[in-house]
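Participant: Fold the following.
(2 chains)
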Amino acid sequence: MKMMKRQKIILTSVLIAVGINSLYAGPNQDSPHLGHTISPEEIKKWDISVFPDGEGLPDGKGNVVEGEKLYQEKCIACHGENGLGASSDQLAGAQMGLSSEYPEQTIGSYWPYATTIFDVVRRSMPMTAPGSLTNNETYALTAYLLYLNNIISKDDVMNASTLAKVKMPNEDGFINVYEEEKSKK
Amino acid sequence: MSQDRDDDLLLKKNQVAGNGLLDRRLFLKKGLQFSAISTLVSTATLASATAETKKEFDPANPTWMKQPGKAFSPYGLPSEFEDDVLRYPSPNEVVTGNGVSWTPLHKMEGTITPNGLHYERHHNGVPQIDPKQHRLLIHGLVKNDLIFSIDDLLRYPMQSKTCFIECGGNSNAGWNSQPHQAEAGYFNGMVSCCEWTGVPLSVLLNEVGLRKNAKWIIAEGADAFAMQMSIPIEKAMDDAFLALYQNGERIRPENGYPLRLIVPGWEGVLNVKWLRRLKVTNRPVMARNETSKYTELQPSGKSRMFTFPMEAKSLITSPSAHMLLKEKGLYQITGLAWSGRGKISKVDVSADGGKTWAEAELQQPVLDRSLTRFRLPWQWNGKQSVIMSRATDETGYVQPDRNKLIKERGKHGFFHYNAITRWQIDTDGFVSHIYENDETTKNNSDISIDSGWD
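Facilitator: Here you go, the predicted model:
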């Protein structure tokens, strides 16, 4: 009887291990395995994602004055003077609060992380020539947009270290509904 | 008068809810005839066609039986007489590759969206990708970083799943203070349903070998926006897959050719098109489209974030806004219901503005996370009527009415509008979009969402 129980436990453990293996651990020998290896240097050319803690931010730097000049050349047509919006989003100058009748969702009033500005500008902007800005230019534009929103001062320089430290006013303004629902389950 | 007597008899025997809703089992009765519903535009066309028929046409001897038909075609197109069944593009005025095009749900039947009518949401145009030059990179918190060509992926065992994809911003005109008066599909048609075929994502994630701290994947597209979105690893390992085929043919460029991530039931934006990279991480990247967009501002000033599943919703597609019921009589109410949390379990229909409800017939089979067609016969008495539908999914979730949704979420959430839609048929038979009551309309601030797509 005792033996039986032990065997049962072992069998169950094996089954659980197999189950977990097929879900999370690899490699599964049964699948085709047609992927090709790729070097870390090569991956660097692909990986442009920037995280709130600064992971992914490249070398380089930029300031508000440089950023303003670039903004006038490349951004103002769609985002308007001083980031007040035109055919595209208003980026700065929010007057009405988020809980007011006419909330204004700008970088300064709404965006939770400053690194997101760098990430989206470098990968997507300007819409007519995405991916054309250098890292220095991207830092400069990020600095100008933060300055327009009264988050940094005119003399601040943005680089991998300083940008990761910028605290956005609405960082705590979000409810992670996915995690909330998961914890209820 | 005899027709009226027949109508009365039909009503007496079969009415299941107020203002003429009839038993859905009536569909089984042979010889059931519905009155015609037309749009205002096609009414004029119809009138002129009838006139022409009298003059020139002899239906007993149509001209197309007197001469050979057209030759074979390598790729078929719809009849030239269906040239008004079109997507409705609504691009940004300056950057024209940024915007949406709506599926004409009000002109369609069944549940499958033909590839040429699947809705579009692009952030900077449709890339014209040479599949030979396209690669998928999987890297990050994995044991082996791997890169795949499309030819590699085409050699994997595939699976098919029919499912809807709905933009998180679909139906957002519903937040407007006044009821939007476009055709049903042209403000609710950012939902489409196809059979997608491809490789389960779990197979590839097992091949690269997830590390223990793998919690999210960042999916990135090869478009000019380089769209990236964070997706929890649980969903990636559960039912997400990499689609290569759409309704049996390779995915259309505007829907992600050559490779699209399918995340069944979750916000359209997560179904990343032109997929080129999956980075496995321990946290979300906090991309622009999961922070400043696709989050829902609440009256408290706090915003809902990572609201992934599209909640249950339904919509009567016929009769619907801009259509015309030419005479009182027997009509077929038909529409679509769907839920990002599973199957639709029932759809109730009301013809008296929500006072009484009757359960509609659901087209079988009802599929998980797919558009579900419902139908119900209705005897219209020629009086002003309000028709509406209400979906319930297998989790028990019931589609809310607009007042309830706004009470919970406010009016500035922009995304995830899934309230009940009311169509009013006036005494002339014209159908328009209305809200629950005048009070609601008056109390709304003057917001108008026409082109919030940036």
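
Participant: ok, the nearest residue to B:Leu336 once chain neighbours are set aside to B:Asn255 distance?
Facilitator: Nearest-residue entry for B:Leu336: B:Leu371, 5.0 Å, with adjacent residues in sequence omitted and distances by CB to CB, 6 or more residues apart in numbering or on different chains. Every C-beta, even on glycine, is put in place using the N, C-alpha and C of the backbone. Distance, B:Leu371 to B:Asn255, using CB to CB, to the nearest Å: 16 Å.

Participant: For the residue in chain B that chain A sits nearest to, give me its contacts.
Facilitator: Nearest to chain A in chain B, going by CB to the nearest CB, is B:Leu146, at a distance of 3.0 Å. If a contact means CB atoms under 8 Å, 6 or more residues apart in numbering or on different chains, then B:Leu146 has A:Gly35, A:His36, A:Thr37, A:Ile38, B:Leu137, B:Ile138, B:His139, B:Leu204, B:Glu207, B:Val208 as its contacts.

Participant: check contacts around the closest residue to it other than its chain neighbours.
Facilitator: In space, and not counting its chain neighbours, B:Leu146 is closest to A:Gly35: 3.0 Å by CB to CB, 6+ apart. By CB under 8 Å, 6+ apart, the contact set of A:Gly35 is B:Ile138, B:Asn144, B:Leu146, B:Ile147, B:Phe148, B:Asp152, B:Leu204, B:Glu207, B:Val208.

Participant: got it, and B:Lys279?
Facilitator: A:Asp47, A:Ser49, B:His139, B:Gly140, B:Ile217, B:Ile218, B:Glu220, B:Val285.

Participant: on that earlier part again, could I get the contacts of B:Leu146 as TSV with pLDDT and distance to B:Ala337?
Facilitator: Putting the contacts of B:Leu146 into TSV (pLDDT from 0 to 100; distance: CB to CB, whole Å) gives the following:
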residue	pLDDT	distance to B:Ala337
A:Gly35	98	40
A:His36	98	44
A:Thr37	98	47
A:Ile38	98	45
B:Leu137	98	38
B:Ile138	98	36
B:His139	98	40
B:Leu204	98	33
B:Glu207	97	38
B:Val208	98	38
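
Participant: In terms of distance to B:Arg250, which of those residues ranks first?
Facilitator: Nearest to B:Arg250, judged by CB to CB, of the contacts of B:Leu146 is B:Leu204 at 19.1 Å.

Participant: Over to that closest one. Which of the three states is it?
Facilitator: helix (DSSP: H, G, I helix; E, B strand; the rest coil).

Participant: What's the local residue count around it?
Facilitator: 25 (other CB atoms under 10 Å in any protein chain shown).

Participant: Next up, identify which helix or strand the nearest residue to it once chain neighbours are set aside is on.
Facilitator: Nearest non-adjacent residue to B:Leu204, counting by CB to CB, 6+ apart: B:Ile138, 6.2 Å away. Here B:Ile138 sits within strand B:135-140, counting by DSSP states H and E.

Participant: quick check: mean pLDDT across the helix or strand following that strand?
Facilitator: Using DSSP H and E, the helix or strand that directly follows strand B:135-140 along the chain is strand B:146-149. For strand B:146-149, mean pLDDT is 98.

Participant: Each with direction, which strands does strand B:146-149 pair with?
Facilitator: Strand pairing for strand B:146-149, using DSSP bridges, gives strand A:36-37 (antiparallel), strand B:135-140 (antiparallel).

Participant: Show me the contact partners of the last one.
Facilitator: Spelled out, it's strand B:135-140. By CB under 8 Å, 6+ apart, the residues outside strand B:135-140 that reach it are A:35, A:38, A:43, A:46-47, B:145-149, B:153, B:204-205, B:208, B:214, B:217-218, B:242, B:259, B:275-281.

Participant: Can you get me a residue count around residue 104?
Facilitator: I went with chain A, as the question did not name one. 17.

Participant: please go with chain B instead
Facilitator: Counted with other CB under 10 Å, B:Pro104 comes out at 21.

Participant: how close does it sit to B:Trp64?
Facilitator: Counting by CB to CB, the gap from B:Pro104 to B:Trp64 is 27 Å.

Participant: cool, and A:Glu66?
Facilitator: On the measure of CB to CB, A:Glu66 and B:Trp64 end up 69 Å apart.

Participant: show me where pLDDT drops low in the stretch 101-250 of chain B?
Facilitator: Regions of the stretch 101-250 of chain B meeting the criterion pLDDT under 70 are absent.

Participant: Which parts of the stretch 1-150 of chain B are helices?
Facilitator: Assigned by DSSP state H, counting those that start in this stretch, the stretch 1-150 of chain B shows helices spanning B:2-14, B:40-56, B:150-154.

Participant: Tell me the secondary structure at B:Thr356.
Facilitator: Per three-state DSSP, B:Thr356 ends up coil.

Participant: okay, now it: neighbour count?
Facilitator: Neighbourhood size, B:Thr356 [other CB under 10 Å]: 16.

Participant: hang on, isn't it packed against B:Gly18?
Facilitator: Yes. Here B:Thr356 lies in contact with B:Gly18, judged by CB atoms under 8 Å, at a distance of 3.9 Å.

Participant: Report the set of residues contacting both of the two.
Facilitator: B:Ser350.

Participant: Report the separation between B:His106 and B:Pro74.
Facilitator: 31 Å.

Participant: More neighbours: these two, which one.
Facilitator: A count of neighbours by other CB under 10 Å puts B:His106 above the other of B:His106 and B:Pro74, at 24 against 4.

Participant: Make sure the more buried one is actually in contact with B:Leu117.
Facilitator: No. Using CB under 8 Å, B:His106 is not in contact with B:Leu117, being 11.9 Å away.

Participant: what ranges do the helices span in chain A?
Facilitator: Remark: helices assigned in chain A by DSSP state H are A:2-23, A:40-46, A:64-74, A:76-79, A:115-124, A:135-148, A:160-165, A:177-184.
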